[in-house]
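> Fold the stuff below for me.
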Amino acid sequence: MGKVIHSYVIFLLLMSILLFSFETIVALKRILSFELIYHHSPRSPVYNPNLTDSQRFEESLRLSENRFLKLNNVEPTPVGHEITTIRPLSFTIKHCSYLTWTQCKPCINCYVQNEPYFDPRQSPSFVDVSCSDQNPCPQRYYHCINNRCHYQISYIGGSRTIGTLSKDTFGFHSSHGGHLEFVEGLAFGCSHDTHLTSDHHGYPSGVMALGLSEESFARQLINHGSQGRFSYCLPPVGSNSISFLRFGSNIVQRGPVQTTPIIPIQGVCFYYITLNDISVGNKRLGFEPRMFARKPNGSGGFYVDSGSFITYLITPAFERVRKELRDYFRHKKLVEVDPQRYKTNLKLCWLFQPSYESLMPSITLHLQGAQMHIMWRELFLIAWTKGIFCFAMLPQDNSSILGAYQQANTRFTFDVLQSQLAFNPENCEHDSQP
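Presented below is the predicted three-dimensional model:
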């Protein structure tokens, strides 16, 4: 598979709580959410105030396969008299990851993270998942050693995590008075050996899996009030606003909501949907649906992934869209420039003046049963200091991906039980309450 850039960095709040007994756990009210903070937000611990917006964009393109999310510091919070402390953990969201994991003591080979490593010995509710010949470990990523389930997961680009399959109690934001909702017995990986192939400065403690596997949080929370649904609404890159990853009845969709089927594929964790055609402005390009179809060898297809910073189109489709944009702006008498001259990794740029905003086209993705309109601010990067704007999509030779830059100001709701993706336009900078 071609190299996929997973660099859209957002931060979420997740807390593994340390309990003396389960009896004190607050009843789940089905109102669950995590706070999301962009990698380049001023609230991020890796924020660099000396970078321009275009430099932050290029930095996000440079980051390789992981995207990261970091919680705000949370003070130890008593809930009843049995809870001793709350352990903050930070995770990067991965749509296609089979298991949520965090680095744990003892660490054989671990990268340096911002918060302390999770120590299972300090959590009385922590248990390893046991196994035997009669009770084998789940799926193909696990194997039984000394009656405990061990896992090894590798990611595109060469990163990997090795550890034990475990369970513990987790705390979630609630919209009811700001307290936490606790869910016991959630399976996750305790990573004792982690290898990352890219720069890991500012990395969080692990990965939150939102894929379609049984061990992902998207699936596990079905039995804890999520109704099989999770949702997010990403503010534009460069915004200082916070937003939330929401589960279950904490999801509110406003305005015209459209739906398109999620294509379930055995053994595949990505959220594939059907892309039939693309329009630039009012001109439909007339792609044959097979252009974006998944092929028998596993290549091709079109999927949604907030971990991919920008959208990637399979190369022939990208070239067709590029030609149409060139023709469009040539007709508007805009001046195309060489991207390399301006040191950008994007492929298509023009000189920019503020008066050009009224000339910008939108792009429509013609999906199965739905039309997704991407407005110009989510299509183009304006590099103000350079006086140019660039088309914020790239080609690749394998699959096509709807990335986070183009997802901004649209609420996406994934229903893993109904195999359905719902979406609607929304001002995501107003998604500030849990």
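
> How about the secondary structure of the residue of the chain most remote from its centre?
For the chain, the residue at maximal distance from the C-alpha centroid (CA atoms, centre = their mean) is Lys333, at 37.9 Å. For Lys333, the assignment made with DSSP: H, G, I helix; E, B strand; the rest coil gives coil.

> From Leu351, how far out is it?
As judged by CB to CB, to the nearest Å, Lys333 and Leu351 stand 11 Å apart. For glycine as for every other residue, the C-beta is placed from the backbone atoms N, C-alpha and C.

> now Ser249
49 Å.

> And for Gln55?
19 Å.

> Kindly report the same for Arg322.
Distance of Arg322 to Leu351, computed by CB to CB: 17 Å.

> Over to Lys94?
Note on Lys94: its distance to Leu351, by CB to CB, is 38 Å.

> Val335 too?
The spacing between Val335 and Leu351, counted by CB to CB, is 5 Å.

> any weak-confidence spans in the protein?
Low-confidence segments of the chain (pLDDT under 70): 1-31, 38-47, 59-88, 140, 157, 173-179, 198-202, 432-434.

> Just confirm Arg377 contacts Pro236, I think it does.
Yes - if you go by CB atoms under 8 Å, Arg377 and Pro236 touch, sitting 6.7 Å apart.

> hey, what's in contact with both of these two?
Ala408, Asn409 (CB atoms under 8 Å, 6 or more residues apart in numbering).

> Show me what the helix or strand harbouring Arg326 is packed up against.
Assigned by DSSP states H and E, Arg326 belongs to helix 315-331. If contacts are counted by 3 or more CB pairs under 8 Å, 6 or more residues apart in numbering; DSSP states H and E, helix 315-331 sits against strand 275-280, strand 336-337, strand 393-396.

> Of Arg322 and Leu351, which one has the most company?
Neighbours around Arg322 and Leu351, counted as other CB atoms under 10 Å, are more numerous at Arg322. The numbers are 17 against 13.

> Which of the three states applies to Ile382?
strand.

> how many neighbours does the residue nearest to it when sequence neighbours are not counted have?
Excluding its sequence neighbours, the residue lying closest to Ile382 (CB to CB, 6 or more residues apart in numbering) is Phe389, at 4.6 Å. As a burial measure, Phe389 scores 27 neighbours (other CB under 10 Å).

> check contacts around Phe389.
Cys349, Trp350, Phe352, Tyr356, Phe380, Leu381, Ile382, Ala383.

> Mind telling me what element it is part of?
strand 388-391.

> what about Ile222, which SS state?
Following three-state DSSP, the label given to Ile222 is helix.

> Can you name the element that comes right after the strand or helix carrying Cys149?
In the assignment (DSSP H and E), Cys149 maps to strand 148-154. Going down the chain from strand 148-154, the next helix or strand is strand 160-173, by DSSP H and E.

> Spit out the contact partners of the nearest residue to Gln113 once chain neighbours are set aside.
Of all residues beyond its chain neighbours, the one nearest Gln113 is Ser205 (5.0 Å), with distances taken as CB to CB, 6+ apart. Contacts here follow CB under 8 Å, 6+ apart; on that basis Ser205 touches Leu89, Ser90, Phe91, Thr102, Gln103, Gln113, Asn114, Glu115, Tyr117, Phe118.

> Recalculate using a threshold of 6 Å.
Leu89, Ser90, Thr102, Gln103, Gln113 (CB atoms under 6 Å, 6 or more residues apart in numbering).

> Check Tyr328 too.
Pro361.

> Next one: it relative to Met360, how far apart?
For Tyr328, the distance to Met360 - CB to CB - is 10 Å.

> other SSEs contacting the helix or strand encompassing Arg246?
Using DSSP H and E, Arg246 falls within strand 243-248. Packing contacts for strand 243-248, counted by 3 or more CB pairs under 6 Å, 6 or more residues apart in numbering; DSSP states H and E, involve strand 31-38, strand 229-233.

> what would those look like in TSV with distance to Gly189 and mean neighbour count?
Shown next, in TSV, are the helices and strands packed on strand 243-248 (distance: least, CB to CB, whole Å; neighbours: other CB atoms under 10 Å):
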stretch	distance to Gly189	mean neighbour count
strand 31-38	18	25
strand 229-233	20	24
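
> Turn those into TSV, columns for distance to Phe244.
Shown next, in TSV, are the helices and strands packed on strand 243-248 (distance: least, CB to CB, whole Å):
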stretch	distance to Phe244
strand 31-38	4
strand 229-233	7
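
> Out of those, which gets nearest to Val127?
Proximity to Val127 (CB to CB) singles out strand 31-38 among the helices and strands packed on strand 243-248, at 22.1 Å.
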